[in-house]
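[1] just coords:
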């Protein structure tokens, strides 16, 4: 009996010590996302729902867990102001999601300055774990390099040897074009033209119609969100898909849903998650659908996975301080419905399998959200930039 009491006392003391390491007696998470612009359907309120699900599923092991969210409006200054207020005034420990590369690069620098944690799910620029890497940043779901390797190689293998880029005029678009260019030229193809379009362009006709005169047999859409949807629809309207294959370099499930299979069929893409891949992914995605009214994108699924891994790390370390939590996250493999045996490297990249997919024809689909044929699994160590090629100063 004495041993039993002593054990209980030790457990109680340990729990008290652990809770004392939680700042303000609360773990606070901020979902910084696009709730009204071009990335709102692929992230937005769906990312907030995913974070809420992760917190609810984690339970009360840490006591109080708070969630806040905000719209960065795709403006770096607004995103940085929100992040600074969260970190400095509101006691936010983790910021997650942050679609839009210009916003996330600014927020990552702030997280480094404040020694807080940032986990990126929505944004794609590979510079987050390359030249702009940070000890306080983790890139979870996808990046431009992984998409370039998978989609670029597949298109070249199918005869796509003359590439034309429609590129969004911000960090993501330019990084995407550079990464894909390296891959396709390395595979023996060439880039025959580029058109640079501002974010939120409504009419892409003057950009897209440059592709036929350049002799392109692949039109690569280095843009995202509604820009991708609009440019793809207009390419269909102009009959460009009869002259060239379309490569979607940042296609999300909600983009295909918005376009419809008549417009999107045959499109090649790379994704970090597909809801209908395994029994586990189907079960979680159905729960998400019941709360959000749409199946999850890879960004939204990534938010759940990242928040869960983060909370588990706090439970293991007994603190929400960034340094110990990040170390624990990097030391622990990621195994959940999102991925199997994911690993967070020293550059902050969470390495996991990616999936090459092709959008189904209307005849192939069995109903709403049944949109992808998974053509191949690309192992994580092949999909993401090798550390040997990294410009990240954290890589030894």
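    In hand now; what should we look at? All of these numbers come straight from a predicted model, not from anything done at the bench. Residues are numbered from 1 along each chain as shown.
[2] pLDDT-wise, which helix or strand of this structure ranks last?
    In the chain, the helix or strand scored least confidently by mean pLDDT, DSSP states H and E is helix 2-20, which has a mean of 35.
[3] Below-threshold pLDDT in this protein: ranges please.
    Along the chain, segments meeting pLDDT under 70 span 1-20.
[4] what's the spacing between stretch 240-258 and its chain's center?
    18 Å (CA atoms, centre = their mean, to the nearest Å).
[5] list the buried ones in it?
    240-241, 244-258 (16 or more other CB atoms under 10 Å). Any C-beta I mention is one placed from the backbone N, CA and C, and that applies to glycine too.
[6] So which of those belong to helices?
    Judged by DSSP state H, helices contain the following of those: 253, 254, 255, 256, 257, 258.
[7] now these in JSON lines, with distance to residue 138?
    Shown next, in JSON lines, are those (distance: CB to CB, whole Å):
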{"residue": "253", "distance to residue 138": "23"}
{"residue": "254", "distance to residue 138": "24"}
{"residue": "255", "distance to residue 138": "25"}
{"residue": "256", "distance to residue 138": "28"}
{"residue": "257", "distance to residue 138": "28"}
{"residue": "258", "distance to residue 138": "29"}
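[8] Can you tell me which of the residues you listed is nearest residue 365?
    Set against residue 365, the nearest of these by CB to CB is residue 256 (10.2 Å).
[9] which residues touch that closest one?
    264, 267, 359, 371, 372 (CB atoms under 8 Å, 6 or more residues apart in numbering).
[10] Can you give me every residue that contacts residue 29?
    Residue 29 neighbours (CB under 8 Å, 6+ apart): 51, 55, 65-68, 92-96, 307, 310.
[11] again with residue 298
    Per CB under 8 Å, 6+ apart, neighbours of residue 298: 141, 142, 252, 253, 271, 272, 273, 274.
[12] secondary structure class for the second one?
    The reference is to residue 142. coil (DSSP: H, G, I helix; E, B strand; the rest coil).
[13] Pretty sure residue 94 sits against residue 121.
    No: if you go by CB atoms under 8 Å, residue 94 and residue 121 don't touch, sitting 11.9 Å apart.
[14] So between those two, which is more surrounded?
    Each of residue 94 and residue 121 has its neighbours counted (other CB atoms under 10 Å); residue 121 has more, 34 against 25.
[15] For the closest residue to that one other than its chain neighbours, give its distance to residue 352.
    Excluding the flanking residues, the one nearest residue 121 by CB to CB, 6 or more residues apart in numbering is residue 302, at 3.8 Å. With distances taken as CB to CB, to the nearest Å, residue 302 is found 10 Å from residue 352.
[16] joint contacts of the two?
    Among the neighbours of residue 302, those also in contact with residue 352 (CB under 8 Å, 6+ apart) are 272, 338.
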